[in-house]
Every structure is written in C-alpha cells, then in structure tokens.
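> Okay, predicted coordinates and the sequence, questions at the end:
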Amino acid sequence: MLFSSQGFSEELLKALEECGYQKLTPIQQQALPVAKRGQDILATAQTGTGKTAAFALPIINHLLKDNSPASPYTTKALILAPTRELVAQIADNISAYVKYTNLKVVSVYGGVKMSSQERKLSDGADIVVATPGRLWEHIELENLNIENISHLVFDEADRILDMGFISKVRAIMMEVNSSPQIMMFSATVSKQLNALAADILRKPKRIEVERANTTASTISHVLYPVDGDRKTELLAELIGRKNWQQVLVFVNYKETANNIVKELKLDGIKAVLCHGDRAQSARRRALDEFKSGQARVMVATDVAARGLDIESLPHVVNYDMPFLAEDYVHRIGRTGRAGQRGSAVSFVNREEELTVMQVEQLIGQRIKRIVQSGYEIQNRDAFLAKLNSKPAFKERRSRVNNPDKPKDDQFSAERRLRIQRHLKSGK
Ligand code: AMP
C-alpha cells in the first residue's frame, strides 16, 4: 500500500517522499484507516515498526483540513512519551512530516529551561510532544491549556507507567474537557496498562504488530558467564578481538556507565554516555557521535535509551542483565533491524542466572553460552543448583526495577470513577 493512495495533501506527500517513505509499514496499514475514522486505538508495537508515522500522519491530516490558527498557550494535539530522548525523536520526525505546512510542533521535556518552551507555547501549537512531568509543570503554570485537544497519543505507554507517571497522567487527563481521539501505543501489555486503557479509551480498535525484521532468525543471542568485577575487561577484550565498531552497552546503574566509559578510554576505545544525569544537550551530542561512528561505544541505562532509533545497530551488549526480563526484549530491539543480522551479547554473573532463565522463557529459546578462556567462574554448577531451589527463586521474583519509584496509582476508587465518568461523558 502506497502513501500516495492515502488521500494525504500534496505538501505532506512531498515531505514523506523526502523522508524516503513509499510503502506503508504493517502498523501504518492497520492504524491509518482506523485513526482517520476517528476511532480510539490500543496498539502493541515496538520502536522500529513505523509507529510514529502511524499516529502522527492521521493527526497531521486532520489538522491540515481543520486549518484554524492555534490560539496562544493552547495545543490541538498532545503526544505523551516517557523520556526526553523519545520526545525529541518524535518531534523531529513530525517536524520532518510537516516541513511544507504551517503546522507548529513544540516539544516539552525536563532537563532544559522552562522559559524557552514557554515562549514557544505562548504562540500556540498545533502539536505538543511532551514528557508527563514537564508537561504538568507547564499546565500548572498556565503555560499550556489542553482543555480542547482533538487528539491525544500515549507513546510507549508501558514505559510511562513503569516510570511511575500514572498519577501525572491521570491529573493531565482531568485537564481535558473535550472528547479527544486517543491512541495508545505500547511495546508490552500489563495489568496496569489494560486498566488505564479501559478507563480512558472508548471502544478502541486493538492492533498488534511484530517488529519487522527482528525475529529470532536475524538476532543471535549469546551470553558470557563472567564475574561482575571482570565485565569491563571482557567488554574491552571482545570489542578489540571481534573488531566491533558500533556497540550499544546497557547497564542498570549510572555509576556503572561512568566507570565503563572511563575504563574503555584507558584502553583507547572511545565511548559516550547516555543516562539521566547528563544534560539533554550532552545526551544528544553523545547519540550523534555514536550514530555517526565518531564514538565506537555508547553506554546507556534503559530509561535513557528507550525508544531511540539507531539504524541497523550490529551489537547490543547487556553488561548487566536487566532486572526485568521484558527489558531484555526492549534492549535487543535495537539490533537486527531492516533484515540485517544483529548480535545480542549478555554478560552474566552468578546472581544474574535467574534472569537468564526468565529471558529464555520469554523469548522461547536457549541462549548460547560461551565461556571465554581466562574468564571462567568458579563453582558455577553448585551455584546454579542452589539458585533453582524455590526460596531463591521467590526472593528474586520480588525484585523491581526501581524500588524507590512512587506508588503506581494514588487515586482513590471514587476519584477514578469520577475521571472515568468525566472522560466517557465527553464533557
Ligand atoms: P518508529 O517505529 O516510528 O520509530 O520508526 C522507525 C523508523 O522507520 C524511523 O526511522 C522512521 O523514519 C522509519 N519509517 C517509518 N515509516 C516508514 C515507511 N513507511 N517507510 C520507510 N521508513 C519508515
């Protein structure tokens, strides 16, 4: 199916052509007709499927037909995403799509000054792309009124919830007086996500697509058993021996990321950092250096790297196994794109063996083990036997990604009901 047969305006088609889009991706084929009808959508799709265009193009198409100027301090469409990187990426994509139109896209996220964002909002926006926290600050300061939005999108809704933004999301929803078309995109589904969807979506069309070209056949999964304190050494050795030129390394803690970058530097390997403590501009610069090949390695935490679109990345390394098996899938989703082969390499110390079992269950395949000579772990079998015993398993299952994160839903049942009624009545 071609974009030229979608009834889009000339200026939109011209921009899409410049982006190199001709045929619709599967998610676009499914979502575009539903979105154009104005129906709510609940879609399961990962980054790399073309989901941004799937929700953005129908909105742009609608706004172009509407053609009324944006009032100061308001927006017509609101797109929520969990991280600043993802917000910036979505806003970049949409800006490319609306290049030949007069539509105004404003991005709103933390880590940068409020004032420049406020200035842009004061002119009025057609589309605002925002993280929930910073958006809420602007709403409270009356820099943005979202009462009358016609479209609302949740991108990576699962991650928005994982990051403890549920109460912000509900507060934001209370500000909406119109009855917007809502599109919710998520890589995974959970009870909490389904509950939110049931609360705010009206008869949504459920859409599910697999990430194109990220089947098990294009990604090889291997793991190296290694003691925790020798992981950096092993990383440097593999990069050198195997001549890896572009490696995205995932860690669980910012501190680990800082140390790896320092140590790789000593080995003459240029590595950059992508984590939440870095200023937005520094993170963007790091990403640009990594994408352009100036830096060979990017070390990232899950949250910071979520949703980043890095084309055909050959190697992803789990320096730490993620706490949640689902995050393994998110992480390795950066490799093996566009039909190219990708490798997912995990460094596993004893404590991480249980996550390996959970990951193997989730991805439905055994991960090949490679014991690198000189890095063997002692008494491994005894440890594995102990780990398989029930109490240890139970203990590990209670781990969460961020034990300090706020409680998910701080709204009373009564308030929840009020929000539901409010939204369903469309008043
Ligand atoms: P997304 O899943 O929205 O992050 O998109 C992943 C990548 O696919 C981005 O680089 C998009 O620019 C690109 N893309 C989206 N739709 C199409 C399309 N129909 N044809 C070619 N590339 C596309």
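Structure's in. What do you need?
> alpha carbons only for contacts and neighbour counts from here, please
OK.
> Can you name the residues that contact A286?
Neighbouring residues of A286 by C-alpha atoms under 8 Å, 6 or more residues apart in numbering: 272-274, 298.
> element containing it, please.
Using DSSP states H and E, A286 sits within helix 280-292.
> quick check, that helix touching the ligand?
No: contact between helix 280-292 and the ligand is absent, the nearest approach being 12.7 Å (criterion: C-alpha under 6 Å from any ligand atom).
> Dump that helix to CSV, keeping only the CA atoms.
Provided in CSV are the C-alpha atoms of helix 280-292 (Å, rounded to 0.1, in the frame of the first residue of the first chain):
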residue,chain,number,x,y,z
GLN,A,280,19.9,16.9,27.5
SER,A,281,22.4,18.6,25.1
ALA,A,282,25.2,16.2,26.2
ARG,A,283,22.9,13.2,25.6
ARG,A,284,22.1,14.4,22.2
ARG,A,285,25.7,15.0,21.4
ALA,A,286,26.6,11.6,22.6
LEU,A,287,23.9,10.0,20.4
ASP,A,288,25.1,12.0,17.4
GLU,A,289,28.7,10.9,17.9
PHE,A,290,27.6,7.3,18.3
LYS,A,291,25.3,7.3,15.3
SER,A,292,28.0,9.0,13.1
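> Show the average pLDDT along that helix.
Averaging pLDDT along helix 280-292 gives 87.
> low-confidence ranges in this protein?
Counting by pLDDT under 70, the ranges of the chain that qualify are 210-217, 306-307, 309, 311-312, 336-340, 378-427.
> Determine the longest helix present in it.
Using DSSP state H to define each element, the chain has its longest helix at helix 51-66.
> Could I get the buried residue list for that one?
51-64 (16 or more other C-alpha atoms under 10 Å).
> I'd say L78 and I149 touch.
Yes: counting by C-alpha atoms under 8 Å, L78 touches I149, with 7.1 Å between them.
> what's the distance between the residue of the stretch 51-200 of the chain found nearest the ligand and D158?
Nearest residue of the stretch 51-200 of the chain to the ligand: T52, at 3.6 Å (C-alpha to the nearest ligand atom). Separation of T52 from D158 (C-alpha to C-alpha, to the nearest Å): 16 Å.
> just the helices in the stretch 151-300 of the chain please.
Along the stretch 151-300 of the chain, the segments classed as helices by DSSP state H, counting those that start in this stretch run 157-162, 166-174, 191-200, 231-241, 254-266, 280-292.
> tell me the most buried of the ones you listed?
helix 157-162 (a mean of 22; mean count of other C-alpha atoms under 10 Å).
> Remind me what it packs against, helices and strands.
Here helix 157-162 touches strand 181-186, helix 191-200, going by 3 or more C-alpha pairs under 8 Å, 6 or more residues apart in numbering; DSSP states H and E.
> looking at it, R206 is touching A45, isn't it?
No: counting by C-alpha under 8 Å, R206 does not reach A45; the two are 11.0 Å apart.
> What residues does the stretch 1-150 of the chain have near the ligand?
20-25, 47-53.
> Which residues are in contact with L2?
Contacts for L2 (C-alpha under 8 Å, 6+ apart) come out as 22-24.
> And the longest helix of the chain, what does it pack against?
helix 26-37, helix 84-97.
> quick one: the first one to helix 51-66, angle?
I take that to be helix 26-37. 30 degrees (axes from the mean of the first three to the mean of the last three C-alpha atoms, to 10 degrees).
> Can you name the next helix or strand after helix 26-37?
strand 41-44.
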